[in-house]
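Asks: make a model of this:
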Amino acid sequence: MRAVVDAGPSCTNCLGAVAAEDAYCRHCGQPVVSVDHRPLRPLVTQSLEEALSLDGRLLQSFWLLVARPGYLSREYQRGRRRRYLSPISLFLLANLVFFLMPGLSDFSVSLLDQVTLQPYSAWVAPQAQQALAASGLPAEAFAADYQARADAIAELLVILHVPLLALVSYLLAFNRRGFLVDHVVATLHFFAFLMLYYAQLPHVLLPLLNGLDALLGGRLPAWQIAVSLQFLYIPIMLRTAFGYAWWRVIPTSVVYLVALYWVHVAYRLIQFELVMAWGPG
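Replies: Numbers count the residues shown, from 1 in each chain. Got it, this is the predicted structure:
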């Protein structure tokens, strides 16, 4: 990977001294990078390299992703990258965990939900009716076939959330906008967290809350708590990653959450159209 050499007299990763001609730090081996210039290409090339060689950074990166929202994104901005998995590698591994260990999420909803419960349902319902008639399948078989195809493309399609929400995050930043890639990185980390959260939800958190609910005699809204906890991640992530003051991070988080909803609506619509274009198989 070609590195940006003009990064000053010290390595951003280990703070060791580097010479102007150094492409790599002589102490820790990280490519010399500049925190004032963050192009998108190194993010992609570093991710491809790391996808083939995972080491002890895996557990550390996962732990920091969950326990310290926004910290990995901030570390990326500071140039401290060698000690962690790259954002894309982390996202892809979380994606793999999520789809190998099915959890609770709405990345793939039923055909009935698509044609009755979405903001665009009135528009797509006739399209679904036409596809059903053209398929010659009974309604239940067609719905099952739709679900299988939607599940099959969800793993690849979920990354569509990232550029859309990253753009919203960039626009919300105002005077702290920085580089677009910083918001892409933060959004990759956020969705990696979401997929890990959904993967563990039915196996870890929800059983714990249900057990506590049983001890309290059914007075604990376990499901509502389990679903709501994920959203506490957003203000902490935004404050840590972008340095927002608390007075600003709360309204920004609300707008971010609304944007997340509409980005997810767009994702569902795209998923529906792709499945319809694929056709029954």
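Asks: what about the helices in the stretch 1-150 of the chain?
Replies: Using DSSP state H, counting those that start in this stretch, the helices of the stretch 1-150 of the chain run over 40-51, 57-67, 71-77, 87-100, 111-116, 121-135, 139-157.
Asks: any chance of these in CSV, with mean pLDDT, mean neighbour count and distance to residue 212 too?
Replies: In short, each C-beta sits where N, CA and C put it, glycine included. Shown next, in CSV, are these (pLDDT from 0 to 100; neighbours: other Cβ atoms under 10 Å; distance: least, Cβ to Cβ, whole Å):
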stretch, mean pLDDT, mean neighbour count, distance to residue 212
helix 40-51, 68, 15, 39
helix 57-67, 91, 16, 21
helix 71-77, 96, 22, 29
helix 87-100, 90, 20, 25
helix 111-116, 95, 17, 30
helix 121-135, 94, 14, 37
helix 139-157, 91, 16, 31
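Asks: closest one to residue 240 among those helices?
Replies: Closest of the helices of the stretch 1-150 of the chain to residue 240 is helix 71-77, at 5.8 Å (criterion: Cβ to Cβ).
Asks: re the thing from before, distance to residue 26 added to the helices of the stretch 1-150 of the chain, as CSV?
Replies: As requested, those are exported to CSV (distance: least, Cβ to Cβ, whole Å):
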stretch, distance to residue 26
helix 40-51, 20
helix 57-67, 21
helix 71-77, 21
helix 87-100, 25
helix 111-116, 57
helix 121-135, 59
helix 139-157, 41
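Asks: same for the helix or strand containing residue 199, what does it pack against?
Replies: Element membership of residue 199 [criterion: DSSP states H and E] is helix 180-200. Counting contacts by 3 or more Cβ pairs under 8 Å, 6 or more residues apart in numbering; DSSP states H and E, helix 180-200 packs against helix 40-51, helix 57-67, helix 71-77, helix 87-100, helix 161-172, helix 233-242.
Asks: format those helices as a markdown table; extra columns: distance to residue 192.
Replies: Output for the helices and strands packed on helix 180-200, formatted as a markdown table (distance: least, Cβ to Cβ, whole Å):
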| stretch | distance to residue 192 |
| --- | --- |
| helix 40-51 | 12 |
| helix 57-67 | 6 |
| helix 71-77 | 9 |
| helix 87-100 | 4 |
| helix 161-172 | 10 |
| helix 233-242 | 11 |
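Asks: of the ones you listed, which approaches residue 22 most closely?
Replies: Using Cβ to Cβ, those put helix 40-51 closest to residue 22, at 16.4 Å.
Asks: could I get the contacting residues of the nearest residue to residue 109 once chain neighbours are set aside?
Replies: Nearest non-adjacent residue to residue 109, counting by Cβ to Cβ, 6 or more residues apart in numbering: residue 268, 6.5 Å away. Shown in contact with residue 268 (Cβ atoms under 8 Å, 6 or more residues apart in numbering): 106, 109, 114, 118.
Asks: tally of neighbours for the first one?
Replies: For residue 106, the number of neighbouring residues by other Cβ atoms under 10 Å comes to 12.
Asks: quick check, pLDDT for residue 220.
Replies: Here the pLDDT value assigned to residue 220 is 82.
Asks: let me know the helix or strand that the residue nearest to residue 109 is in.
Replies: Using DSSP H and E, residue 268 sits in helix 246-278.
Asks: now that helix, how far from the centre of its chain.
Replies: 12 Å (Cα atoms, centre = their mean, to the nearest Å).
Asks: mind listing what's buried in that helix?
Replies: 248-249, 252-253, 256, 259-260, 263-264, 267-269, 271-272, 275-276 (16 or more other Cβ atoms under 10 Å).
Asks: which residues sit in contact with the residue most central in space within the chain?
Replies: Nearest to the mean C-alpha position of the chain, by Cα atoms, centre = their mean, lies residue 191 at 1.5 Å. Residue 191 makes contact with 91, 94, 158, 159, 161, 162 under the criterion Cβ under 8 Å, 6+ apart.
Asks: just give me the closest of these to residue 60.
Replies: residue 94 (14.5 Å).
Asks: pull out the buried positions in stretch 11-25.
Replies: Using 16+ other Cβ under 10 Å as the test for burial, stretch 11-25 gives 11, 12, 13, 14, 18, 25.
Asks: again, but for stretch 224-239
Replies: So for stretch 224-239, counting by 16+ other Cβ under 10 Å, buried means 226, 233, 234, 235, 237, 238, 239.
Asks: for the nearest residue to residue 87 once chain neighbours are set aside, give me its contacts.
Replies: Sequence neighbours aside, residue 188 is the residue nearest to residue 87 in space, at 4.1 Å (criterion: Cβ to Cβ, 6+ apart). Neighbour list for residue 188: 87, 88, 90, 91, 162 [criterion: Cβ under 8 Å, 6+ apart].
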